[in-house]
Each structure stands twice: as C-alpha cells, then as structure tokens.
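Chemist: here is a sequence together with a model predicted from it:
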Amino acid sequence: MTMFTAEMKRWLSENAGGKMYDELTFAFNARFGSGFSIRQIQCKCVRSKITTGTQHSGRRRKKSAPIGTVKVCPNGLAYVKVSGPGKAWKLRHLVEWEAANGPLPQAHVVVHADGDKNNFAIDNLLLVHRRELHSMNIHGMWSSDPVVTKTNLLIVRHRLAILDRVKGLVHPRAEALEAKVRRLGPELPGKQAQGGNDGE
C-alpha cells in the first residue's frame, strides 16, 4: 500500500486551500507521479486536519439557477424556477395559469387545448377536473384543434352532469355545469315539456 510521505503531507497542507478535492487530487498526483483516488486524498486531509475551504466533495457544486429560469425536460414539459431550495421548480403552464387565475383548485389540472406543450397562451390553457381528464383520455377526445378539444370538454361535462343526476349524486359542480351547457349548447331533452325557461 502506498503511504503518504512527509513531503506529500507538507504539500497537501500548503496547497489544499481553495481547491475542490478533484482538483487537489489531480494536482497531487501530477506533482508526485502517484495514483491516489479522490477519496484517499479527502480522507488524508480530514485525518490530518487539512482544510480545503470548500465542500467535502469531489464534484463541483452547480451554481443555483436564478428564479424565473425555464428548463425543458425530455418529455417536452417546461418547468420554471419559482423559489429557492426544496420544491423550487414548477410546471410552466401551471405558473402561467395561476398568474392569470389564482391558485389551482383541488382535484384539477391544467392542460394545453391544442396539445402543444410549448403554447402557454392563456386561452390555450384549460382548467380540467381530474374526473373530466379521465373521461377525455379513455374516449380519445383530445385534438390538436383547440376548438374541438374545448367542444369535447363541454360534451364530457354534459355527460358527467347527466350521469350524476341519473345516479342521484350531488356533484359539487353539477348545477354550474348544467347552467353552462344550457348557455353554450342545445337544450336538454325534455326541457320544453317540463315548462320552458329556468330563468337563463
């Protein structure tokens, strides 16, 4: 086993300051023609109480990205740096939607109406309940045409509202969804026979 000589110890003491362990190891091995590992140099410095003035790591610490930095992952989703350490990154389309509309409601997601993950226009970002999202997915109702996607979403909401009524469920959004369907779509079946307008 190769031992550290007195000269080596003296060199470490005189040259360790301000260096990362990978840099220190490279310089040390170049100076003495040795083959010590980063771990061996680090352990020797710790045992000999030789301080480097840097983190005890063989890797350089990456500089922290400034808040507002955008990065795109391999899956195409964009993230924005929103804070310091911890949960620092957030999906960009959520950041854009919340900036215009406030906090994301519970059990909801935001999707791109045209399917383009790089289109962050507010009118292209749709707030969708997870229940609606599931129905859109299983029935293949997404489209690259935002008008088609929005129309399909209204159809899904209409269907879910009817399903809730049939099952006797009181869905928190059932009344609001039914009112929206009445405003934007044809009248519900049997409405005229029941006596006309509800006051819309």
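Modeler: Received, thanks. Numbers count the residues shown, from 1 in each chain.
Chemist: how near is residue 48 to residue 147?
Modeler: 72 Å (CB to CB, to the nearest Å). The way it works is simple: take the backbone N, C-alpha and C, and place the C-beta from them, glycine included.
Chemist: again, but for residue 164
Modeler: 26 Å.
Chemist: from the chain's centroid, how far away is the longest helix along the chain?
Modeler: Counting by DSSP state H, the longest helix found in the chain is helix 146-167. Relative to the centre of its chain, helix 146-167 is centred 28 Å away, using CA atoms, centre = their mean, to the nearest Å.
Chemist: again, but for stretch 77-84
Modeler: 7 Å.
Chemist: got any ranges where the chain has weak pLDDT?
Modeler: 1-2, 53-64, 84-87, 169-200 (pLDDT under 70).
Chemist: can I get stretch 110-125 as PDB, trimmed to CA atoms?
Modeler: Listed next in PDB are the C-alpha coordinates belonging to stretch 110-125 (Å, rounded to 0.1, in the frame of the first residue of the first chain):
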ATOM      1  CA  VAL A 110     -54.300  22.500 -16.400                       C
ATOM      2  CA  VAL A 111     -53.900  21.100 -19.900                       C
ATOM      3  CA  HIS A 112     -53.000  22.600 -23.300                       C
ATOM      4  CA  ALA A 113     -56.100  22.800 -25.500                       C
ATOM      5  CA  ASP A 114     -54.100  22.200 -28.700                       C
ATOM      6  CA  GLY A 115     -51.800  19.600 -27.200                       C
ATOM      7  CA  ASP A 116     -48.700  21.800 -27.800                       C
ATOM      8  CA  LYS A 117     -46.700  21.800 -24.600                       C
ATOM      9  CA  ASN A 118     -44.900  25.000 -25.700                       C
ATOM     10  CA  ASN A 119     -48.100  27.000 -26.200                       C
ATOM     11  CA  PHE A 120     -48.600  29.000 -23.000                       C
ATOM     12  CA  ALA A 121     -51.300  31.400 -24.200                       C
ATOM     13  CA  ILE A 122     -53.900  31.800 -21.500                       C
ATOM     14  CA  ASP A 123     -56.800  30.900 -23.900                       C
ATOM     15  CA  ASN A 124     -54.900  27.600 -24.700                       C
ATOM     16  CA  LEU A 125     -54.700  26.600 -21.000                       C
END
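Chemist: buried residues in it?
Modeler: 110-114, 117, 124-125 (16 or more other CB atoms under 10 Å).
Chemist: in stretch 36-54, what's buried?
Modeler: Going by 16+ other CB under 10 Å, stretch 36-54 has these buried residues: 36, 38, 41-42, 44-45, 50, 52, 54.
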